[in-house]
Structure formats: structure tokens, C-alpha cells
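Peer 1: with the sequence up front, the predicted model follows.
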Amino acid sequence: MSRRRTRWLIVGLLGAIGVGCATYSDKTESMRELISAGQYEAGLAEVNRFIKVKDPVELPTKWKSETALAVLERATILQAMALWDASATNFQAADEQLEFLDLRSSADEIGRYIFSDAATHYRTTPTEKLALNGLNLINYLAQGDLDGAAIEAKRFTVMRQYLLDYDPEHAHGAFGSYLAGFVAERQGNPDSALRYYDEALQERELPTLIEPIGRLGQRGSYRSERLDRYLGGGAAGFPTAATEGAGEDPTVEGSAVEAAPIPVASNEAAAKPAEILVIIKTGRVPYKVPVRIPIGAAIGLAGAFVTGNTKLLEHSAMKVVVFPDLQPAGNLFDSAEWSIDGYPVQLDLVSDLGAEINREFDELRPKIIGSAITRMIVRAAAAEGARAAGNQGNEVVGLLSALAIEGAMVALDKPDTRSWTTLPDRVWIGRTQVPPGNHTLVMVVRGSGGEERRTAQVNVGAGGYVVLDVTTLR
């Protein structure tokens, strides 16, 4: 065989090795582009085609490895479209199918999952799992269904407690705890409400809870160090009601406007004042894409999570490591504010889900890269064996045999880019007491994409409440 022909055979084989099936991020790219353009109905149609159904509440008859995740994406889009019942149906169906990813697993266990996505169901991270229950809770609150919200709050509590035992150093799901506290408060359970609000305060200060905690403290007995600061009011370093503008407290990201009090007859002892609660969700969290880095750099990142002799890679045809990594969603909006009847109202950034997703993946990344390198070492060892056997007859045959073995094993390693790509990046919550009657609400989100404004007219009965959700996913 001529050298030229051998060279072309090698190039062709390497090219074939590099061609892989479309990843999850590839398959859902058009959906994300449509959502970024604000075309939610078109994005919904795209994900319906992915699931192979026509109706947004129609569930698949067969649940494959990517199906539950696609249903989760659909639930989020439906919520952004204010289709609460359909969204709740999809969240519940996805929740029943999804598994949980243990971040404490070994690099080998993580690798078996990350590089075999075609054979395993999607496993949610702690942030994703708690966000699912928290978002579904919103579907019930937006419809005024406290009983349904209470059931979802219980699901949230069970999972949060499990995660707290599993990872006591990191708090998750602050916005879910906040909303569960609101449900408990409205159902007349002050101690449960205080406990939930205490959970929400584990991550950051929340000035919007000053008044509710003060009111609940008169009827409930549950206390903590965090709650005591709010019940005392005005402790050193604490954002008091008089200075609760979003720019006043460095731990709270919010609107730049200074909050002003809504004219309302004060009655702090009232168990259930007329109240408006607004939830604003902006952007989407980072999502996974396949990336390639040189072997040398990868070994440095993986550290102790590499198993095997890395010298074998010196003879490998593969000089890069391919693994899933996070990519920013390119969000257009990253700040929010709101007003009632022309009065600016405090808005708290309660959960930064994008930051939580990044932190979780920072913990996983060395294990993923280490597993990828370990698998490359196994392939290189097998290829060397094939090369040695083939060289006994012909050097070219030995080389092609080595490439064939290595290429076949590479083809089996498709990086898993599945992730909840429509999960909102930031969750903001604002609330205030109002006089019973009609009110005009204006919600504004801003960022590199300019400004988007939404207006709503609501009517609040005496002692009643209204929960309004605004989701941009952009």
C-alpha cells in the first residue's frame, strides 16, 4: 500500500471517528433560539415535535432517556405563557420520571453516566430538583389554589430536607422556601411560615420579609438567630424598612429605584392583610455543550481523578479531551423592578439559580474530565495491543487496527449535554400590603436586550391576596 493511500485512509478514519450523533443541546437549539426571541408558542411547538406529541398537555406514551427532560422544558415554557394547569401537569409528569444525580459519586460513576446518555434517564442536580417543586408551586399560587400549593410545598420540604442532610454546607431553593412560607402564612400557620422564611434567609438578606416576619412573630413562637435580627429590626448591618431600597444592601441585588410605602391603613397584628406578591423570573441558566481541550490541560484540571498511566496517551491518535461543559445562555435581561399604582416597591433577588448551577458543575467538572481521560487511557491501551498484533504482519495494518479500536471506543463515548436549558436564571420576589380594591401593577425587566415592560390590573379583596408571575426566559 502506498504512503499516500495510507495517509488518506488514516485521515478518513479519523474523520469518521470525529463524526458523532447530535447531542441534546444540538437537538434543542432551535427551541432555545425561539424562546430567546420571545416566540414562546413557536418554542412550545418545537419541543412538542421533540416529544412527538401535538397537544401541550399530551404526555408521551414512551419515556426515553431525553423525554422527561423535554417535558420539563415544556412545563417551563407553559408557565412563561401563563398556562398554569398545563404547566403543572407537565411538571408533575416529569418529576415522576426524573432521577437524582448524587454529586458525591466517584469519578468512575459520574463518568458512566455522563458518557452514556443514550442508555440512562436524566438525573437532576440538587438545584434543578428543588427548582422543579418551587416552580410548580407557583402554578397553584397564580390560580389562588392554596390547597394545591400546600401539597407542592410538602413535596418541596421533603426534598429540601433530604438535600440538607446530603449537603449541609449549601442551601438550595430559597425561592421555594419563601413561597412555601407564604402558603403557610395564608393558611394560618405562623410557626411553619417562620420556619420557611428562616430557610429562605440562609442564602441572603430579604428586606421584603421584614414586615411579614414582624407580623408573624406576634403570633408564632419559632425563633432563630436570623429571625431574631428581623424581629429586632435595625440591627447592625441589617437593611431596615426605612432603607430597604435594592441598592442599599450589598447582599441584595434588585432594582435601582428607591422603594416607597404604599398608602395603606397599618395593622401589623392582622393575620391576613390584603396583599400582593409578585414573582419575576429572568433569563435562563447556563446549559451544557460538548467542548474540546488539549490532553495536557485536561490532565491539569482533572488532578487526582485520573486513573491509569497517562504516558499511554503519548501514542494516542486523540490529542484532545471531549466533555460536557457549561455555556452561558446569552440572557437579554438581568435586573427587574416593579411598582403599584405608581409607587416603586421593594423587589428581592431570592434565588440566583445560574450561580447555583455553576457551583454544582464546578464540583463535578474535575470528575468528568478525569473520567474522560481515564477512558482515553483504556482506549489507548487497547489500541496499543491491536497495533502490536497488527505489526506482526504489516505496519500499516497495525496502525489501522489501532485506529479502528480507538475510534470504535470513542464512538461509544458521547458526552451527555442534557440539562434543564429553560430553567430561569434568577427569581425575584416582591410583596406588599395594599388597600382592598383595584390596583395597577407595572413590572419591568432590563439588561443588554433593553427593557421589557408588563402591566396588569388586579383586584384584591379584604384580607385576600393576589400572586402574579412574570417569566421572561430571555
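Peer 2: Noted; the coordinates are in hand. Numbering: from 1, shown residues only.

Peer 1: can I get stretch 76-87 in PDB, CA atoms only?
Peer 2: Provided in PDB are the C-alpha atoms of stretch 76-87 (Å, rounded to 0.1, in the frame of the first residue of the first chain):
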ATOM      1  CA  THR A  76     -41.300  25.900  32.000                       C
ATOM      2  CA  ILE A  77     -42.400  27.300  28.600                       C
ATOM      3  CA  LEU A  78     -46.100  26.800  29.500                       C
ATOM      4  CA  GLN A  79     -45.500  28.700  32.800                       C
ATOM      5  CA  ALA A  80     -44.000  31.600  30.900                       C
ATOM      6  CA  MET A  81     -47.200  31.600  28.800                       C
ATOM      7  CA  ALA A  82     -49.300  31.700  32.000                       C
ATOM      8  CA  LEU A  83     -50.900  28.300  31.200                       C
ATOM      9  CA  TRP A  84     -50.800  27.200  34.800                       C
ATOM     10  CA  ASP A  85     -52.800  23.900  34.600                       C
ATOM     11  CA  ALA A  86     -50.900  22.600  31.600                       C
ATOM     12  CA  SER A  87     -47.600  23.600  33.200                       C
END
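
Peer 1: mind listing what's buried in the helix or strand encompassing V445?
Peer 2: Per DSSP states H and E: V445 is located in strand 437-447. For strand 437-447, the buried set under the neighbour-count rule, 16 or more other C-beta atoms under 10 Å, comprises H439, L441, M443, V444, V445, R446, G447. No exception for glycine: its C-beta is placed from N, CA and C like everyone else's.

Peer 1: residue ranges for the strands of the stretch 351-474 of the chain, please.
Peer 2: 424-433, 437-447, 450-460, 465-471 (DSSP state E, counting those that start in this stretch).

Peer 1: buried deepest among those strands, which one?
Peer 2: Stretch with highest mean neighbour count among the strands of the stretch 351-474 of the chain: strand 424-433 (a mean of 25; mean count of other C-beta atoms under 10 Å).

Peer 1: and that one, what's its mean pLDDT?
Peer 2: On average, the pLDDT along strand 424-433 is 98.

Peer 1: okay, the angle between that strand and strand 465-471?
Peer 2: 160 degrees (axes from the mean of the first three to the mean of the last three C-alpha atoms, to 10 degrees).

Peer 1: kindly export strand 424-433 (C-alpha atoms) in CSV.
Peer 2: Extracted as CSV, the C-alpha positions of strand 424-433 are listed here (Å, rounded to 0.1, in the frame of the first residue of the first chain):
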residue,chain,number,x,y,z
PRO,A,424,-34.9,30.6,34.8
ASP,A,425,-31.6,32.2,35.8
ARG,A,426,-32.9,34.5,38.5
VAL,A,427,-36.0,34.5,40.7
TRP,A,428,-37.1,37.9,42.2
ILE,A,429,-40.0,38.3,44.7
GLY,A,430,-41.7,41.4,45.8
ARG,A,431,-44.7,41.8,48.2
THR,A,432,-46.6,44.5,50.0
GLN,A,433,-49.9,45.2,51.8
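
Peer 1: now it, how far from the chain's geometric center?
Peer 2: 16 Å (C-alpha atoms, centre = their mean, to the nearest Å).

Peer 1: I368 is in contact with A298, correct?
Peer 2: No. Checked against C-beta atoms under 8 Å, the pair A298 and I368 is beyond contact range at 10.2 Å.

Peer 1: now P435. Its backbone dihedrals?
Peer 2: phi -70, psi 140 (degrees, to the nearest 10).

Peer 1: isn't it right up against I276?
Peer 2: No. The criterion here is C-beta under 8 Å, and P435 misses it with I276 at 10.8 Å.

Peer 1: who's more crowded, these two?
Peer 2: A direct count of neighbours by other C-beta atoms under 10 Å for P435 and I276 places I276 higher, at 23 against 15.

Peer 1: which strands and helices lie in contact with the strand or helix carrying the more buried one?
Peer 2: Take DSSP H and E as the rule and I276 turns out to sit in strand 275-284. With contacts taken as 3 or more C-beta pairs under 8 Å, 6 or more residues apart in numbering; DSSP states H and E, strand 275-284 sits against helix 174-186, strand 335-340, strand 424-433, strand 437-447, strand 450-460, strand 465-471.

Peer 1: which neighbours in the sheet does that strand have, and how are they oriented?
Peer 2: Neighbouring strands of strand 275-284 in its sheet, by DSSP bridges, are strand 424-433 (antiparallel), strand 465-471 (parallel).

Peer 1: tilt between the longest one and strand 335-340?
Peer 2: In terms of direction (the same axes, to 10 degrees), strand 424-433 departs from strand 335-340 by 20 degrees.

Peer 1: ranges for the helices of the stretch 301-450 of the chain?
Peer 2: 353-391, 395-412 (DSSP state H, counting those that start in this stretch).

Peer 1: lowest-confidence stretch among the ones you listed?
Peer 2: helix 395-412 (a mean of 46).

Peer 1: for stretch 296-309, list every residue counted as buried.
Peer 2: A298, I299, L301, A302, F305, V306, T307.

Peer 1: report the contact partners of Q457.
Peer 2: Neighbouring residues of Q457 by C-beta atoms under 8 Å, 6 or more residues apart in numbering: N438, H439, T440, L441.

Peer 1: on that earlier part again, farthest-separated two in the buried residues of strand 437-447?
Peer 2: By the measure C-beta to C-beta, H439 and G447 form the most distant pair in these, at 26.5 Å.

Peer 1: quick one: mean pLDDT for the helix or strand that contains D165?
Peer 2: Per DSSP H and E, D165 falls inside helix 146-166. For helix 146-166, the per-residue pLDDT values average out at 91.

Peer 1: buried ones in it?
Peer 2: Those would be 146, 148-150, 152-153, 155-157, 159-160, 163-164, for helix 146-166 by 16+ other C-beta under 10 Å.

Peer 1: pLDDT score for S255?
Peer 2: 42.

Peer 1: could you do the one 10 residues further on as well?
Peer 2: At A265, the model reports a pLDDT of 46.
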